[in-house]
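In: Dropping a prediction and its sequence here:
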Amino acid sequence: MAVCVRLQRHGNTHRPFYHIVATDSRKKLGGQVLERLGHYDPAGEPSKIVVDESRLAFWYEKGAELSNTVAKIAKIQKIKLERAKTTPARAKKAK
């Protein structure tokens, strides 16, 4: 399953509100989600961003792709994201 972390739009016309969700990339934008990771309210002054950093790092470590906007949000929030460390197949056989 290809997991991506993206925004899911809610709210009314001219009053957007977004949930930050981990979902299967093949699902519709408003479809079923695996987990809600936070929310983003751009209408307030200043914008309100709430993210569960540990869960976002968990999904990123497992190989989830971040949308461009979620990547920018993570950078603004100074969330440190790293991929899981893996050893090459050749190194495993040598042991």
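Out: On my side now, so go ahead.

In: what's the neighbour count on the residue nearest to residue 43 when sequence neighbours are not counted?
Out: Residue nearest to residue 43 in three dimensions, not counting chain neighbours: residue 15, with 5.8 Å by CB to CB, 6 or more residues apart in numbering. Heads up, the C-betas are built off the backbone N, CA and C, glycines and all. If you count neighbours by other CB atoms under 10 Å, residue 15 ends up with 10.

In: Surely residue 15 touches residue 41?
Out: No - the pair residue 15 / residue 41 is not scored as a contact, 9.5 Å apart, by CB atoms under 8 Å.

In: and residue 80, what is it in contact with?
Out: Counting by CB atoms under 8 Å, 6 or more residues apart in numbering, residue 80 makes contact with residue 57.

In: what's across from the residue nearest to residue 43 in the sheet?
Out: Judged by DSSP bridges, the bridge partners of residue 15 are residue 12.

In: Return the per-residue confidence for it.
Out: Residue 15 is assigned 93 on the pLDDT scale.

In: Make 273 the first number, not 1, from now on.
Out: Sounds good: first residue 273 from here, last item residue 287.

In: And residue 340, how close does it get to residue 317?
Out: 23 Å (CB to CB, to the nearest Å).

In: show me where the protein has strands.
Out: Ranges of strands in the chain, per DSSP state E, are 275-284, 287-296, 307-313, 320-323, 337-338.

In: Switch those over to CSV; also include distance to residue 360.
Out: As requested, the strands of the chain are arranged in CSV below (distance: least, CB to CB, whole Å):
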stretch, distance to residue 360
strand 275-284, 24
strand 287-296, 28
strand 307-313, 31
strand 320-323, 33
strand 337-338, 22
